[in-house]
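**Student:** sequence first, predicted model second:
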Amino acid sequence: MFTHLLGYPRIGLHRELKRACEQYWAGKISQDELLRTGKMIRESNWLQQIAAGIDWLPCGDFSFYDHVLDMSLMLGVIPERFVPLKEKGVDGLDQYFVMARGYQRDGLDIPALEMTKWFNTNYHYLVPEFAPNQSFRLQPDSLLAALAEAQAFQRPVKPILIGPVSYLLLGKMGTAHGNPLHLLPALLPCYADLLRLLHRHGVQWVQLDEPFLATDLSADSLQAFREAYSYLHGEMPEINLLLATYFGGLGNYLPQVVQWPVQGVHLDLISDPEQLQPALQWLPRDKWLSLGIVDGRNVWKNDFTYSLSIIEQAVQKLGQERILLAPSCSLLHVPYDLQLETNSKGLPDMVKNWLAFARQKLEELTLLKQLAFAGTHRQALPRLIENQFAIEQKKMAAFAHLPEIQQRIARLQENDLHRLHPFAIRKAAQQRALQLPLLPTTTIGSFPQTNELRQLRARWNKGEISDKAYEQALEQSIRKVIALQEQIGLDVLVHGEFERSDMVEYFARQLTGFAFTEHGWVQSYGSRCVKPPILYGDVARKQDMTVRWIRFAQSLTSKPVKGMLTGPVTMLKWSFVRNDQPLEQTAYQLALAIRDEVKALEEAGIRVIQIDEPAFREGLPLRKEQQPAYLEWAVKAFRLASCGVKDETQIHTHMCYSEFNSIMQPIADLDADVITIEASRSHMELLDAFGDFQYPNDIGPGIYDIHSPRIPSADEMVALLQKAARIIPVDQLWVNPDCGLKTRNWPEVKASLQNMVAAAQRVRNMYISSRQVANP
Ligand SMILES: CN1c2c(nc(N)[nH]c2=O)NC[C@@H]1CNc1ccc(C(=O)N[C@@H](CCC(=O)N[C@@H](CCC(=O)N[C@@H](CCC(=O)O)C(=O)O)C(=O)O)C(=O)O)cc1
Ligand SMILES: N[C@@H](CCS)C(=O)O
Ligand SMILES: [Zn+2]
C-alpha cells in the first residue's frame, strides 16, 4: 500500500508565485528571479510531502499560470496569432504569458486564449485552441527538468499529465466548427513519445487525468477513450498508467473503464463513495486501485473510522499490495497549511480543530496507511482517538444550529418565490421609473482594487488607521468613481465595491455561521487567489451589509446607482461548505439573509439591485441525472433572495465563465429583470443559447474582456453589439463589460469604458435612425 497525491497547491505557502509573476509582468524582476521562485516552490512542496511521509512524489503539477496551458505548450498547440511574437523576441515563458493574458504593444494586438471554469470548481483554465489541421509537436523540456528536480529527492516520482481525451475535450476548434476528438490520431503519437521519454528517465508510473470520465459521454468520446488507451498500451506496455478520475463517479462506465489496458485506476470516493463496491467487483485482480478517500475539495478533517472501513473492504477484496491511498482530486482546491493560522480572529479554536488543509491532508494519508496496519504502527493509535474526538465534537456542536432561521425556512410559502407581476408589466414600470435609453450602459460592479486600496484595508484591519479614516477614504473613492461614470456617460452607475476584499468574504464576514482564515489562499486563475470562508453553522444576517455605501453613492448623483449583492448560490459555492446538512438548506439560509438586504436597499431608495450569481452554472452537477435536483433548489434560492421587491425595482443578476446551453429554462426561471453575462472572449457565442431559447427578459452580453489588459476599440465593440443585436431583439439588450473591473488599472478602465459608451451610442444612433426611416 502506497500513498500518493494528484497534485499540490502551487502558489507557494505565502503566495510567492503570485507576487513573483506580478512583479515579472510589471518588469520589476528578471525572468531568472521568477524561475528561481518556481523552483523554490516546487522544492518546498516536495519537502512538505516527504516530511508528511508520502511515498510517491508528484511532478508536473506545478505551473506558472495554468496546467492546461502547460499541456498545450508541451504539445505545441500554439494558435497562429501568437506566432508573430517570435519576431518581436517574445518566446518561451513570455509567449506562454501572452497566451494567458493577451498582448497589446509594438503594433501588435493579440487577444488571449479563452478562459473557463475547470469542471465544477472555482479554478479557471485556458482553453486549448485547435486549428482544423492541428499538428502536435512534443516540447517536453520543462516537464523533464521538473522530473530531474523531483528525482533528486531519491523517491519514486510519478509525473501527472492531462490524459489525451480529456485534453482534447477541454479544447475547442479555433475558427472552424468541428470535433476536437478528430485530432486524436494526430495527438496520440506525441503522448506515446512522451511516455517513452519518461520511461527512459526512470519513471515507472504516470498519472493520466481523465476527469471527463465523471461526465456524461457521447458514444464517440467513449470510443476515443478505448482507442487512446489501447494505442498507448500498445506503444508503451513497459510504463504503468494510472488513469485518474475525479469530481464524480464513473457510473455506468465503471465496468468497462477498469478493463481498459491501464495498470491502475484512481476513484474519487468523496464525490461518489457508491462506486467502491462495483470497483471491487469489476477491477481485474492484476490492477491497482487508488482510493481517493481524503477530500481534495473541502477542508474538514478526514473521518478516520469511516476511511479505515473503506480501506479494509478494499484490502479484503484486493489484498494490500496494489492499493494506493490518495486525496480525492488535486489539492489545488484547498489552502496550503492550517499551521499558518496562528493569529486568525475569525477562526475559533474549536472550528480550527475540525480542519485539515493540504499539508494536514498529506499527514492524514500517512496516518491512514499506518492505522490500516495498526499492529505494526501502534504509535498511530492515539491519533485515531484524537481524530474521533474532533469528528464527534463537530457532530454535536450546538452553536451550529439557529432554530429561528430553521423555522423561518419551514414557514416559507410559494408567494415568497414570485415577483408581484410578470416581466412585461415590471419592465414598463421600471422604464417609467428609470427612463433609460435604448441599449443602456452599465458596469458589473467593481472598479480597480489598487495596491493602495488593499494596503489601506490591511492597515485598517491591523488597527493602524481608524474606522473613520478608512471610511472617509472609501467615500472619497466612491465620489471619484461616481464622477468618472457620469463624465463617461454611463446610464446605470455603481459604487465601485471599494469596501470589499472579495465579493464572498465581504458578505460572509457580516453573517453568522462563517469562519475565516488569514492565509487560506486558493488559486482561482493565474496569479489571482481567493480565500474561501468556511461555513460551519447556520447563517443569519446581523445588520445592513451594504446600505451605507450604496446610499452614499446614490446621494451623489441623480442617475440610478445599482445596489450590489452576492447571491446565495455563489456565497455557497465559493465557500467551504458544511458536510453535516444538505447544501440546499444552507442556500436557503443565505437567500433569506440576502432577501432582507435587498429589502433594506429598496427601502433606502435604491431602484436597481444586482444579485451576482457567477457560480450558478459552476454548481451544476457533472452528471445529467443529478442536475434537476440542483437546479430546483438553486433557482428557488435565487428567487427567495430576489422576489421580495416592488415591480419598479429592477433586479439584475450577473454570471461569468458560464456556458448556458443546457440550463436556459432554469436561467429564465430566475426571472431577473436583467442578466449580464461574459460573452466577449467567445465573440458572443454564449449568447446563441439565449437567442435560440428566445430568452424573454433583458440581457447584457459583455463586450469588453476584463481579463486582459488590452483596451478594446469602439469599432470592435460596435461589431460585437451588432452581432448581439442579430441574436437578441435590440430592445432587450444592455451594454456592459464581461465582469467586474477590480483586476484592471484605472487608465485601462477609463479608456475601455469610454470606448464602450461610444460604441453603445453609435449602435443606438443606427437603430434610432433606422426606426425613424421606417416610421417617419
Ligand atoms: C469573480 N471571481 C471571483 C471568484 N471567486 C471569488 N471568491 N471571488 C471572485 O471575485 N471566482 C471567479 C472570479 C475569479 N476572479 C478573481 C479576480 C480577482 C481576484 C483577486 O484579485 N484576488 C486578490 C485577493 C483578493 C483579496 O481578498 N484581497 C484582500 C487583500 C488580501 C491581501 O493580499 N493581503 C495582503 C496584505 C495587504 C497588502 O499589504 O497589500 C497579504 O495577505 O499579504 C483585500 O482586498 O483586502 C488577489 O490578490 O489574488 C480573485 C479572483
Ligand atoms: N460584482 C462583482 C461580480 C464579479 S463576478 C464584480 O463586479 O466584481
Ligand atoms: Zn463576473
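**Tutor:** Here it is on my side, so go on. Numbers count the residues shown, from 1 in each chain. Ligands and ions are numbered 1, 2, ... in the order given.
**Student:** specify the local secondary structure of Leu720.
**Tutor:** helix (DSSP: H, G, I helix; E, B strand; the rest coil).
**Student:** please name the residues that touch it.
**Tutor:** Ala679, Ser680, His683, Met684, Pro701, Ile703 (C-beta atoms under 8 Å, 6 or more residues apart in numbering). For every residue, glycine as well, the C-beta is placed using N, CA and C.
**Student:** of these, buried ones?
**Tutor:** Ala679, Ser680, Met684, Pro701, Ile703 (16 or more other C-beta atoms under 10 Å).
**Student:** could you find the closest non-adjacent residue to the third one?
**Tutor:** In space, Met684 comes closest to Lys723 once its chain neighbours are excluded; the distance is 4.8 Å by C-beta to C-beta, 6 or more residues apart in numbering.
**Student:** thinking again about what came up before, so which of the contacts of Leu720 sits lowest on pLDDT?
**Tutor:** Ranked by pLDDT, the contacts of Leu720 bottom out at His683 (86).
**Student:** and the closest residue to ligand 2 within the chain, what pLDDT?
**Tutor:** Nearest residue of the chain to ligand 2, counting by C-beta to the nearest ligand atom: Gly740, 2.1 Å away. In this model, Gly740 is scored at 98, pLDDT.
**Student:** for it, give its distance to ligand 3.
**Tutor:** Distance from Gly740 to ligand 3, counting by C-beta to the ion, to the nearest Å: 6 Å.
**Student:** could you do Glu149 as well?
**Tutor:** Distance from Glu149 to ligand 3, by C-beta to the ion: 37 Å.
**Student:** how about Val165, what does it touch?
**Tutor:** So Val165 contacts Leu181, Leu184, Glu210, Phe212, Ser221, Ala224, Phe225, Ala228 (C-beta under 8 Å, 6+ apart).
**Student:** which residues touch the residue of the chain closest to ligand 2?
**Tutor:** So, once contact is read as C-beta under 8 Å, 6+ apart, Gly740 ends up touching Thr443, Ile444, Gly445, Ser446, Glu497, Met503, Ile706.
**Student:** skipping its backbone neighbours, what lies nearest the second one in space?
**Tutor:** Going back to what we said before, that points to Ile444. If the residues on either side of it in the chain are set aside, Ile444 comes closest to Gly740, at 4.6 Å by C-beta to C-beta, 6+ apart.
**Student:** what do you get for the fifth one?
**Tutor:** Distances taken as C-beta to C-beta, 6+ apart put Ser446 closest to Glu497, at 4.1 Å, once the chain neighbours are dropped.
**Student:** on that earlier part again, what helix or strand does the residue of the chain closest to ligand 2 sit in?
**Tutor:** Secondary structure from DSSP states H and E places Gly740 outside every helix and strand.
**Student:** next, Ala186: secondary structure please.
**Tutor:** Strictly by three-state DSSP, Ala186 counts as helix.
**Student:** swap that for Ile706, sorry
**Tutor:** coil.
**Student:** again, but for the one 10 residues further on
**Tutor:** Classification of Glu716 by three-state DSSP places it in helix.
**Student:** cool, Arg155 as well?
**Tutor:** Applying three-state DSSP: Arg155 is coil.
**Student:** next: the one 5 residues further on.
**Tutor:** The three-state label given to Ile160 by three-state DSSP is strand.
**Student:** pretty sure Arg137 is in a strand, no?
**Tutor:** No: looking at Arg137 with three-state DSSP, it is coil, so not inside a strand.
**Student:** so where do the helices sit in the stretch 251-400 of the chain?
**Tutor:** 254-257, 276-282, 304-318, 349-352, 358-372, 381-396 (DSSP state H, counting those that start in this stretch).
**Student:** so what's the nearest residue to Leu412 once chain neighbours are set aside up against?
**Tutor:** Closest residue in space to Leu412, ignoring its immediate chain neighbours: Leu640 at 7.1 Å, by C-beta to C-beta, 6+ apart. Leu640 sits next to Leu412, Asp416, Leu417, Pro568, Tyr588, Ala591, Leu592, Arg595 when contact means C-beta under 8 Å, 6+ apart.
**Student:** picking that back up, which of the helices of the stretch 251-400 of the chain is buried the deepest?
**Tutor:** helix 358-372 (a mean of 22; mean count of other C-beta atoms under 10 Å).
**Student:** surely Trp260 is in contact with Gln223?
**Tutor:** No: the criterion here is C-beta atoms under 8 Å, and Trp260 misses it with Gln223 at 12.0 Å.
**Student:** neighbour count for these two, which is higher?
**Tutor:** Ranked by neighbour count (other C-beta atoms under 10 Å), Trp260 and Gln223 place Trp260 first, with 19 against 14.
**Student:** how far away is the more buried one from Trp282?
**Tutor:** As for Trp260, its distance to Trp282 is 12 Å (criterion: C-beta to C-beta, to the nearest Å).
**Student:** any idea which helix or strand comes after the host helix or strand of Gln430?
**Tutor:** Using DSSP H and E, Gln430 falls within helix 423-434. Going down the chain from helix 423-434, the next helix or strand is helix 451-461, by DSSP H and E.
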